Structure formats: C-alpha cells, structure tokens
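Q: Following is a predicted model, sequence given first.
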Amino acid sequence: MSRIGKMPIAIPSGVKIEWREPLIKVSGPKGTLTRTLHQSVGLTVADGQIKVEPKESGQQGWAIWGLTRTLVNNMVLGVSAGYTKRMEVVGVGWRVELPEPRVLKLTLGFSNPVFFRLPDGIDAVYDPKINTKFGLTGADKELLGLTCARIRAYRKPEPYKGKGIKYEGEKIMRKVGKSGGKSK
C-alpha cells in the first residue's frame, strides 16, 4: 500500500476545491489549477481535507494512488503559497535582464542575446543591481520546473570552469583539466 497516498491533504483557508470526476479544479489566492486525474483513483473532499482513494489494488494502482496524492497536494500548496526557484548565471560578461515584464534577456556568450518569453502563470523576480541572479515564481510546480529546465538548457553548467546557468546553491562537480607539458 502507498504510505504517501494514505495521508490526507489539509485544505488551507481561502482554497476552493471542485471535483467532478476525472477533473479537479483548485482555486486560491495565487491562481487556479486544473488537472485530469487517472481513472484508477478517486477523491473525497470533506471536513477541510482531501483524501485520495484507490479504485483498484495492486502495484500499479498503489503507485498511481501515491502519485495522485502528491500532484493534488502540489496544486493545493501552489495556489495557497506558490513556488519559487532561484537561478544564477556564472560566466564572465554573462548577465540577465528583464526588458519587458514577461521576457528575460539572457546574455550568455553567444553572438546575440537570448530572449526567453515566460509562459502564463510564471513571473520573474529580478534585482537590476545583481544582474547574475534571478528567480521564477508560480503556482504550478510542474510548469515552474519545466521553465527553469528550458532556461538552463541554453547553457548547462560545465565541469571545468563552472560556467553556465545553475540553480542557486547547486554544487557543480569540478574536474581537473589537462596537465600538458609535464613529460619527463
């Protein structure tokens, strides 16, 4: 049985849940999220809690049960508190700017800057004094992670000099370069 799936989800104040099988809609102060759930699970909304229940037993049913509970919990937390990911750009002359409200301008050592349009529901947190660090916020955890991964894909951190776009606090395993000219 799923240990994660058994745990109930507390509904914070200000969050509204609408459940019409197989669609769940979660509304709160940070926005509204909708998801279609797998047919092997069901929901019960009562007494300020959401309980996810499996409709079929077995290994796959229990796995879907735990996954569904986590997805619904992420939706509830996202519309009530929101999610934030901080990123930083490491490289000489590399920087980030926010010329328009929904566009990031990334100067990453290419011949031209990269303009990245943020998807709906994701906002940028940017301090112009520190032009190598920025943050992304949003209610949808999945969309936020996907957006960060797309930005990071322009220049992944490389192991020799550590240049690239990385998450704040991420440790990059460094490699020792060639030691040419040390022959005897």
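A: Cool, the structure landed.
Q: Can you tell me the closest non-neighbouring residue to the residue most central in space within the chain?
A: By Cα atoms, centre = their mean, the chain has its centre lying nearest to residue 145, at 2.6 Å. Excluding the flanking residues, the one nearest residue 145 by Cβ to Cβ, 6 or more residues apart in numbering is residue 85, at 7.3 Å. To be clear about C-beta, it is placed using only N, CA and C from the backbone, and glycine gets the same treatment.
Q: Can I take it that the one you found is in a strand?
A: Yes: counting by DSSP: H, G, I helix; E, B strand; the rest coil, one finds residue 85 located in a strand.
Q: Report the beta-bridge partner residues of it.
A: Taking DSSP bridges as the rule, residue 85 bridges to residue 136.
Q: residue contacts, residue 71?
A: With contact taken as Cβ atoms under 8 Å, 6 or more residues apart in numbering, residue 71 is in contact with 35, 37.
Q: Where does it fall, secondary structure wise?
A: helix 59-80 (DSSP states H and E).
Q: What are the buried residues along the one helix or strand the residue nearest to the centre of the chain maps to?
A: Element membership for residue 145, per DSSP H and E: helix 141-152. For helix 141-152, burial by neighbour count (16 or more other Cβ atoms under 10 Å) applies to 141, 143-144, 147-148, 151-152.
Q: before we move on, what about stretch 13-23?
A: In stretch 13-23, counting by 16+ other Cβ under 10 Å, buried: 15, 17, 19.
Q: How is this protein partitioned into domains?
A: 3-80, 83-167 (automatic domain parsing).
Q: Which one of the ones you listed lies nearest to residue 179?
A: domain 83-167 (13.0 Å; Cβ to Cβ).
Q: So what would you say the end-to-end distance of the closest one is?
A: This stretch, domain 83-167, spans 14 Å end to end (Cα to Cα, to the nearest Å).
Q: For it, give the mean pLDDT please.
A: Average pLDDT, domain 83-167: 94.
Q: tally of neighbours for residue 155?
A: 20 (other Cβ atoms under 10 Å).
Q: so residue 122 touches residue 138, yeah?
A: Yes: with contact defined as Cβ atoms under 8 Å, residue 122 reaches residue 138; the gap is 4.3 Å.
Q: shared neighbours, those two?
A: 144, 147.
Q: With neighbour numbers in mind, choose between the two.
A: A direct count of neighbours by other Cβ under 10 Å for residue 122 and residue 138 places residue 138 higher, at 23 against 19.
Q: And that one, how far from residue 129?
A: According to Cβ to Cβ, to the nearest Å, residue 138 stands 24 Å off from residue 129.
Q: likewise residue 105?
A: Applying Cβ to Cβ, the value for residue 105 to residue 129 is 16 Å.
Q: Please say which of those two ends up with more neighbours.
A: residue 105 (14 against 5).
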